[in-house]
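> let's see this in three dimensions:
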Amino acid sequence: MAPNAAFGDRVSSGITGLVEQIERTRDELQAAMSDPELVSDRVRFADVNRRWSSLATAIGLVERWRDASNRSAEATEMLAEGDDDDIRDLLRESNDEMEALEPQIREAMVEPDPNDDKDVILEIRAAAGGEEAALFARQLLEIYLKYAERRGFRTEQLSVSAADAGGVKDVTVGIKGAAAYSIYKHEAGVHRVQRVPETESQGRIHTSTATVAVLPEAEEVDVQINANDLKIDVYRSSGPGGQSVNTTDSAVRITHLPTGIVVSMQDEKSQLQNRERGMRVLRARLYERAMAERAALISSARREQLGSGDRSEKVRTYNYPQNRVTDHRVGVTVQLREAVLQGDLGDLTTALAAEERRQLLEAHASGEL
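Numbers count the residues shown, from 1 in each chain. Coordinates of the predicted model:
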């Protein structure tokens, strides 16, 4: 038997092609980065740097694999000229290293979500359940703010529409921090709460829902907005019941004419601040819409996240009588009062990230990525 035959049976035939693909991409990116015109093209510059950063781990692993492969080939040639125990040990060690590196290279090539490093715009809306749904929406906001504090993220309330009894009809917050989107993106969807409302005299359990949309905050380089495509209206801010809370036209409504997306902001006293906040939210919604179109989805990602708000559509259930929270996508259950209400979503986030990784690896292995 040839000295290297056994190894040939152990290593996937596709790894060599994958290594060569990574090396070609590396060479192309190095050539792009040496182009003096790159820095003048912000979009291309950002894309090249993002691709290089995402490929850095794979490049390092491939260089180790290539080094081991060269040592294996040299040892094989030497053994063809005469048997030697030390050379056989070198061959075995080189082949073992290549075999160990193969799954690492494959995993490194599963490209992460390009939005994972972005900041987040989080939108929470009361859905089915009336006043109880509005109270639940407020509670979700408090949970996410506590979780952000635990992670060391900064938060900023962008807009809120209050409801009776202390609830909220809808609220939008910005969350800034390292990889904030990767942490919060799995919160998108319909959240269901089961509990006895304070106003329920007979102790019956009610079911209510709130919807959560998680948008990666887009930079100007990500989304180009033509000023001619915007219709901007200004009006006076108003409080509950339409009571005027401002004597100047500080509230802003921005309509993006090509898409029909409308963003309204009135929480700040300054028209300029409300406009700036509105543009941030508009940019995030347009960015997500563009991503959804590129992915050829039937409906936009935002509508897919929100669903209809019906009680039967859910990603997570908050059950007060049983003091538990269950995420239905991964089948993980954690304590409600001792964990989730204290802003501890760590176990849920970890399980959801692991499931995302598993699905990506599975898709990559089947050639879907």
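> switch to C-alpha atoms for all contacts and neighbour counts from now on
Will do.
> quick check, Gly174 in a strand?
Yes - per DSSP: H, G, I helix; E, B strand; the rest coil, Gly174 lies within a strand segment.
> distance of it from Ile121?
Noted for Gly174: a distance of 5 Å to Ile121, by C-alpha to C-alpha, to the nearest Å.
> what about the two, which has more around it?
Taking other C-alpha atoms under 10 Å, Gly174 and Ile121 do not tie; Ile121 has more neighbours (27 against 22).
> look at that one and give its secondary structure.
strand.
> got a pLDDT number for it?
We have a pLDDT of 93 for Ile121.
> ok, Arg51 next?
Here, the pLDDT recorded for Arg51 equals 84.
> now do Gly309
54.
> same question for the helix or strand that Val160 is a member of: list its buried residues.
Per DSSP states H and E, Val160 falls inside strand 154-162. By 16 or more other C-alpha atoms under 10 Å, the buried positions in strand 154-162 come out as 155, 158-160, 162.
> same thing with stretch 34-53?
Buried-residue list, stretch 34-53, by 16+ other C-alpha under 10 Å: 48, 52.
> end to end, how far does it reach?
Rule used - C-alpha to C-alpha; the end-to-end distance of stretch 34-53 is 16 Å.
> rewinding a little: looking at the buried residues of strand 154-162, which is nearest Leu272?
Nearest to Leu272, judged by C-alpha to C-alpha, of the buried residues of strand 154-162 is Leu158 at 13.4 Å.
> list the contacts for the closest one?
If a contact means C-alpha atoms under 8 Å, 6 or more residues apart in numbering, then Leu158 has 171-174, 265, 267, 277 as its contacts.
> would CSV of the residues you listed with pLDDT be doable?
Formatted as CSV, the contacts of Leu158 follow (pLDDT from 0 to 100):
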residue, pLDDT
Val171, 93
Thr172, 93
Val173, 94
Gly174, 94
Met265, 88
Asp267, 78
Arg277, 89
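> tabulate those residues (CSV), appending distance to Glu93.
As requested, these are exported to CSV (distance: C-alpha to C-alpha, whole Å):
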residue, distance to Glu93
Val171, 59
Thr172, 56
Val173, 54
Gly174, 51
Met265, 64
Asp267, 65
Arg277, 58
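> which one of those residues has the most neighbours?
Among the contacts of Leu158, the one with the most neighbours (other C-alpha under 10 Å) is Met265, at 25 neighbours.
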